[in-house]
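I'd like to go over a predicted model; first the sequence, then the structure.
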Amino acid sequence: MTFFDEVQEMRARYPEGSRSAVLPALRLAQERHGWLSRRAIEETADALELTPAYCYSIATFYDMLHLEPVGKHTIEVCTNLPCALCGAQQVLEAFESELGVRAGETTPDGEITLRAVECLGGCGYATVVAVDDRYRQHVRAETVPEILEELDG
Amino acid sequence: MAEVHEVLLAGTDEHDLRRLDEYRAIGGYRGVEKARAMTSDALIEELQAANLRGRGGAGFPMGRKASLIDRKSPKPKYLVVNADESEPGAFKDREVMAKVPHRLIEGCLIAAHAIESTDVFIYIRGEYLTEYEILAAAVDEAREAGIFGDVTITVHRGAGAYICGEETALLESLEGKRGQPRPRPPFPPIQGLYAAPTQINNVCTIATVPMILEMGAAEFAKTGVPSSPGTAIFSVSGNVVRPGNYELDLGTPMRELIYEHAGGIAAGRELKAVIPGGSSVPALTPDQIDVPLDYDSLGAIGTFFGAASLIVVDDRCCMVQLALRSTKFYAHESCGKCTPCRVGTRWMVQILESIENGTATLADLELLDSVGDNILGKVLCALGEFAVYPVASYLDKWRDEFVAHIEHGGCPFEGSSSLDGIVAPSDQHAHTPAGQEALV
Amino acid sequence: MSTELVRVTIDERDVHVPKGTGIVETALAAGVEIPVFCYEPRLGAPVGACRMCLVEVEGMPKLQTACTLTAQDGMVVKTARTSEKSAAGQKGTLEFLLVNHPLDCPVCDKGGECPLQDLTFRYGPGNTRMSYDKLTFEKPIPISPTIALDRERCILCYRCTRFSESVSEDLQLIAANRGALSVITTFEDLPYTGAFTGNVTELCPVGALLPTQYRFEGRPWEIVDVPTVCGLCPVGCNVNATVREGNVKRILSRNHPEIDEGWICDKGRFAFTHLRAEDRLAQPLQRVRRRGLEAISWEQALDEAERLLRAARGRIVTVLSGSETVEQAYALAKLLRVGLDSHQATLPEEISGGLDAYRLPLSAIRDADAVVVLGDVPVVERAPVVDLWVKAARRNGARILDDAGDPALAEAERVVLVWSGPGGRGGATVAQLAEKLGLAGREGCGAFYLPETPNGRGVADAWAACCDEEGAELESIGLLVVSGDEAAADENVRALAEQADATIVTSMFGGLSAGWADLVLPGTSYLERDGTFVNLEGRLQRLRRTVEPPCPDELEWIADLAARFGVDVAPYAAAVFAEVSDRVYGGLTFGEVGERAPLRGYPEAQEHVSRAALPATEPKARRGEIRLVAYKPLFSGAAVERVAELQFQRPQPELELSADDARRRKIATGDLVTVGSNGSAITLPARVNRRLRAGVARVAIEHANGLGGIVEIEKVAEEVTA
């Protein structure tokens, strides 16, 4: 199905004239383009009969929508209080040293983006790391190489 | 240990309640039939009699909320489930959706019948991908089984913004706008989603409703404590031996939860603080934990039941670092709409940073207090206050630590704090549009 | 709002207001001012964002924003004047607003007329407790050639973005990011484009959005605002011209709630620099064989004009622009008709008095249940502010229809018709429709015709009122008198000049008359004239001379010339108006026209206005055929062409197609198409417009290459992707 048609299906789930499909449509655009490039936003706006400016305004409000290119994989380490109390900083540092990048950066080969993120809702299973949006729980600095090996494989 | 009634998670240990047949096998969806045999008036009366208080944080009785819906409005009536669980420390809604999505769906169908709604939206936080998939599959399965009648349930994913857990911000986000809170009045029961009457409830609130139908309101009201019937899932995190979710009667003593269910403080450390409702509420000192876990009892000692989520902090933690990390979160999540929150939370971060790195003076402690005061009670929604409540309590109860930072010219924990060097994702949301260069 | 009165106590003063009145307004009624930044009722529902208006309300534990509260009976409100809590809240808010503000008032164009500065002066702290780094941004960013944005001064009241979202509905100026890092922006490097963008510079309560034209041009104590009426389109928005040392520096809105509600278009706001265009004429010009036009003195020019007028022996044709004041048109008519028995005149469009029975203020559109927009030219291109009223009607729940036969009209109580486009016969067509629908005398019902000229009706009235005689049809033209820039820019007029023995042109710009005029008399702008205009509602409004023109104004030299033919014309607008008024406007005096003119009936006017004949049927497109409408864009014309910073607003070369017609021809937005008729063709990129009805295609006239009527449209190439 074309992007345009898929967005029309999304729109049909909400009352006519509403803009409710904007988040699902932006997410779909991001899946197709990897990130919300200018072109991706313009396509979304066209399919929603909104302006690119409006879609951009929405996209910049939400953490999960990327306005800059990201790696093929994303690793997101929760560093909010419950995880932080249980060693999230050590986990983050382990990723940083294994990958050779700082939080917020992408590896030079464009493979992996490492981010520190706010609470992921897995506080009882600290430290929580989202690898390509799938949660890994009870992550410790020692288990970081394991996770990266899985990604490589 | 008190007797444990399981309501929300009942049966999840023995059965795979993600499956419709298994949920039905334990009596699932019988509540819908009962409810549909009642008039909406009678159903609302029943819900009011149950005195089920909202589990989202504010504790407003769910049945009262339903009674406020303008059912005579010519507009459609909407039921919106707030599954945007984002409060640091809370992970209970996630477990309900992952383990027993049908209980939430059944609750939706009952609550929708009460307010004569045929349109239900479940707004689930964007990060909960696995839970979304489980919930969406359960919705499909139940719909195909013909359980919905003329009701439509749409699962709508958020995209990463804490503020969307605030009910009017959630509605804005669901309408495809920036998730910024609306002024009230008008209140959602009169003018909510798409300007139509709207009931908004938390996942655990709605998922409790089938049990009310099963037990009958009168019986349900006898559980828990009189002012707060039923159970709650308590999320316990931080420095305990067995962190996790524990579904217990309301009124269970906090000490019992921490020291028995959760196994006490980990690694042989001492308890320093409990933040009992998620990171946004005032913290308690170790001598304050002999308190029943219910709305009123916690309110009486100056904190909140909140999201029933206890963050347990041991004695290694620097309270200034705790305050700083907490405030960075709320500053990062401030939606930017109202002035005190947008400006004040950033200012608080700056003051706390200077205390932590030793460049502050004692006057900065007064300033921190005063900035907090200028936020409290002056903001459009509670987020700004969520930044202030915990920090004000740290400043009040552990003032000596703040003073020590100033006198010591930096952090007296000298690298031994459990939060040392913690990175916050404050670099997000600074996107600069391309090609905009200044005039010369 | 209900009519029920309720009692509200504000700072111990009782006041009675209709239930539901906003508390900010209620307080004003009690003589108490509550300070606000984000509150602006014209932008829709209040948002409660800035928190400047915090008040204490009895029975409510927390401070409340006055802007989001409405008056209920028995409500007791304490503002910062009487409540310490409220004063503390207000003080705290103001401190927060200033925390990141650069406090660069001495170099800020807003300084001296800045609400933030004023409220800080009145309520603000005298010192700052902010000793940390302020937020900094690149600045100022030109968000378009006409508007500069300073993000450091911005207090994020969201007035501008709310305007873009819910008034102009262009959705181009938006907020990006979240929290403290929120910024106002457009998308990427795209300029804020649209008919109404400049309004955000007036809405902005700080120096964040400022017109580039006014940058470092004047301080508030050096300027004077002169109230007048915009003369660039038939709406006649009420404006102030900011004047410093004899120059217009900017144009501001001057809210007339029935006409413009304080919104003006970018042409009205930014085109004023045409006054200082490079080819602006100050001296008369005379054609000298082989050498072209040469400057001459006024005395020589009037001698030459007199000579040409006499030489024509009554064979004079006058072409009017419809942008003359009533007084100029009358004076010219008196000179030519009474003095020279020359009655032949043309206007660029037909004028009908047929609509006089269906007159309404423009604001009535907002309150309509159904608005029928007919005529196929975008309303915004003809009469921009009318488009805002139609949008307001839609937001209020009105049905916006494009067919006067729509069955929905039967259910609507208040019906308003709007004709925008060719075939309207000066309003006669829409008047007939209004009659057919039985709108006469029904409350809230009426009809509008959007003419092409700003004062066509006033000019026609004046020309007709001057003299009852009608001249015979001329066989040849001895002298062509071309009045005004629109007429001078018209190619048909130039063609007519070739048939004339001689041509006199009055024009502001040398570029318009070079090569074909024998005598050119410098013209003036609407900003330089005293006089009156009649707008599309039929409302008589007062123009004021905001600055001295670089030449004598038209009335002066017409009076001089008229005297040479024994005709008495006063060189003053007030005196000329008195004469016209006796014949057309029921003896109203010049002074009574008013700064904020009411919509009056003009009982005498109708007899002077030609009654329209039955409308000829439009060349209706048959099934599958497409009729091309080539329209005159808002951003076009002699004035706009002379304002460099408005060029980005001119329409792209593109063909607008309805979704239906595009689908049938497999055309998508961006595809190249040919448009042809009678052997000539143009190639343009297509744009699918879902609001356009099937069978109609649109193009700006400057890209139409003379095409119009029934056309063939074919795709020649797919969109070329970058």
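Done, it's in.

Please, where are all the strands along chain A?
Using DSSP state E, the strands of chain A run over A:73-78, A:112-117, A:129-131, A:134-136.

Next: the stretch 201-350 of chain C.
Per DSSP state E, counting those that start in this stretch, the stretch 201-350 of chain C carries strands over the ranges C:209-211, C:224-229, C:238-244, C:247-253, C:285-288, C:292-295, C:316-319, C:345-346.

So in that sheet, which strands flank the fifth one, and in what orientation?
I take that to be strand C:285-288. strand C:292-295 (antiparallel), strand C:519-522 (antiparallel) (DSSP bridges).

With the fourth one instead?
The partner list of strand C:247-253 in its sheet, established with DSSP bridges, is strand C:238-244 (antiparallel).

Can you tell me what sits against the strand it pairs with?
Contact with strand C:238-244 is made by C:214, C:217-218, C:222-230, C:248-256, C:259-260, C:264, C:268, C:272, C:527, C:541, C:546-547, C:596, as judged by Cβ atoms under 8 Å, 6 or more residues apart in numbering or on different chains. For every residue, glycine as well, the C-beta is placed using N, CA and C.

ok, back up a step: I'd like the strands of chain A as a markdown table, with distance to B:Glu33, mean neighbour count and mean pLDDT appended.
What follows is the strands of chain A, written out as a markdown table (distance: least, Cβ to Cβ, whole Å; neighbours: other Cβ atoms under 10 Å in any protein chain shown; pLDDT from 0 to 100):
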| stretch | distance to B:Glu33 | mean neighbour count | mean pLDDT |
| --- | --- | --- | --- |
| strand A:73-78 | 42 | 24 | 97 |
| strand A:112-117 | 43 | 23 | 96 |
| strand A:129-131 | 40 | 21 | 97 |
| strand A:134-136 | 36 | 17 | 97 |
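
Show the buried residues in the contacts of strand C:238-244.
Among these, those classed as buried by neighbour count (16 or more other Cβ atoms under 10 Å in any protein chain shown) are C:214, C:217-218, C:223, C:225-230, C:248-254, C:256, C:259-260, C:264, C:268, C:272, C:527, C:541, C:546-547.

Briefly note if the longest helix seen in chain B comes near chain C.
Determined from DSSP state H, the single longest helix within chain B is helix B:339-356. Yes - counting by Cβ under 8 Å from any Cβ of the partner chain, chain C has neighbours in helix B:339-356: B:339-340, B:342-347, B:350-351, B:354.

Does that helix pack against any helices or strands, and if so which?
Based on contacts counted as 3 or more Cβ pairs under 8 Å, 6 or more residues apart in numbering or on different chains; DSSP states H and E, the elements that helix B:339-356 packs against are helix B:319-333, helix B:362-375, helix B:383-397, helix B:399-408, helix C:84-99.

sorry, back to before: what's the closest of the strands of chain A to chain C?
Proximity to chain C, assessed across those by Cβ to the nearest Cβ, is greatest for strand A:112-117 (14.3 Å).

Contacts made by the helix or strand harbouring C:Phe121 with the rest, please.
Taking DSSP states H and E as the definition, one finds C:Phe121 inside helix C:115-123. Helix C:115-123 is contacted from outside by C:35, C:37, C:52, C:80, C:90-91, C:94, C:97-98, C:101, C:105, C:110-111, C:155, C:205-206, using Cβ under 8 Å, 6+ apart.

mind showing which ranges of the stretch 251-400 of chain B have poor pLDDT?
The stretch 251-400 of chain B contains no residues with pLDDT under 70.

Look at the closest residue to C:Phe565 other than its chain neighbours and report its pLDDT.
Excluding the flanking residues, the one nearest C:Phe565 by Cβ to Cβ, 6 or more residues apart in numbering or on different chains is C:Gly339, at 3.6 Å. With respect to pLDDT, C:Gly339 has a value of 95.

coming back round to it: most tightly packed of the strands paired with strand C:285-288?
strand C:519-522 (a mean of 26; mean count of other Cβ atoms under 10 Å in any protein chain shown).

which is the next helix or strand following that one?
Once strand C:519-522 ends, the next helix or strand along the chain (criterion: DSSP H and E) is strand C:531-534.

Quickly run through the sheet partners of that following strand, with directions.
Within its sheet, strand C:531-534 is paired with strand C:540-543 (antiparallel), according to DSSP bridges.

List the buried residues for the next helix or strand after the partner strand?
Scanning forward in sequence from strand C:540-543 by DSSP H and E, the next helix or strand is helix C:554-564. Residues of helix C:554-564 classed as buried by neighbour count (16+ other Cβ under 10 Å): C:554-562.

Touching helix C:554-564 from outside, list them.
With Cβ under 8 Å, 6+ apart as the test, helix C:554-564 has contacts from C:298, C:302, C:305-306, C:309, C:324, C:327-328, C:331-332, C:334-335, C:339, C:506, C:521, C:523-524, C:529, C:568-573, C:576.

Next up, the contacts around C:Asp501.
Neighbouring residues of C:Asp501 by Cβ under 8 Å, 6+ apart: C:311-312, C:476-479.

residue boundaries of the strands in the stretch 201-350 of chain B?
Using DSSP E, counting those that start in this stretch, strands in the stretch 201-350 of chain B cover B:231-238, B:244-249, B:271-275, B:309-314.

Make JSON lines from those strands and add mean neighbour count and distance to chain C to it.
Supplementary listing: the strands of the stretch 201-350 of chain B in JSON lines, determined by neighbours: other Cβ atoms under 10 Å in any protein chain shown; distance: least, Cβ to the nearest Cβ, whole Å:
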{"stretch": "strand B:231-238", "mean neighbour count": "28", "distance to chain C": "25"}
{"stretch": "strand B:244-249", "mean neighbour count": "22", "distance to chain C": "30"}
{"stretch": "strand B:271-275", "mean neighbour count": "24", "distance to chain C": "22"}
{"stretch": "strand B:309-314", "mean neighbour count": "27", "distance to chain C": "23"}
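
number of nearby residues for the closest residue to chain C within chain B?
As assessed by Cβ to the nearest Cβ, chain C sits closest to B:Gly435 within chain B, at 2.7 Å. Close neighbours of B:Gly435, defined as other Cβ atoms under 10 Å in any protein chain shown, add up to 11.

per-residue confidence at it?
What the model reports as pLDDT for B:Gly435 is 75.

Chain C contacts on chain A?
So far as Cβ under 8 Å from any Cβ goes, chain A lies against chain C at A:38, A:41, A:46, A:49-54, A:56-57, A:60-61.

Could you list the single helix or strand in the chain with the lowest mean pLDDT?
Because you didn't say which chain, this covers chain A. Sorting the helices and strands of chain A by mean pLDDT, DSSP states H and E puts helix A:144-152 at the bottom, at a mean of 94.

other chain: chain C
Of the helices and strands making up chain C, the lowest-confidence element is helix C:605-608, at a mean of 46, by mean pLDDT, DSSP H and E.

need the contact list for the nearest residue to C:Val576 once chain neighbours are set aside.
If you skip the residues right next to it in sequence, C:Val576 has C:Glu327 as its closest partner in space, 4.0 Å away by Cβ to Cβ, 6+ apart. C:Glu327 makes contacts with C:462, C:530-532, C:555, C:573, C:576-577, C:580, as judged by Cβ under 8 Å, 6+ apart.

Kindly report the same for B:Ile212.
With Cβ under 8 Å, 6+ apart as the criterion, the residues that contact B:Ile212 are B:31, B:46-47, B:50, B:52, B:220.

low-confidence ranges in the stretch 151-300 of chain C?
When residues are selected by pLDDT under 70, none of them lie in the stretch 151-300 of chain C.

Please repeat the previous calculation with a cut-off of 90.
Applying pLDDT under 90 to the predicted model, the residue ranges of the stretch 151-300 of chain C that meet it are C:289-292.

What residue in it comes nearest to chain B?
Of all residues in the stretch 151-300 of chain C, C:Asp189 sits closest to chain B, at 2.7 Å by Cβ to the nearest Cβ.

ok, that residue touching B:Pro433?
Yes - taking Cβ atoms under 8 Å as the contact criterion, C:Asp189 and B:Pro433 are neighbours in contact, 7.4 Å apart.

Who has more neighbours out of the two?
Ranked by neighbour count (other Cβ under 10 Å), C:Asp189 and B:Pro433 place B:Pro433 first, with 22 against 12.
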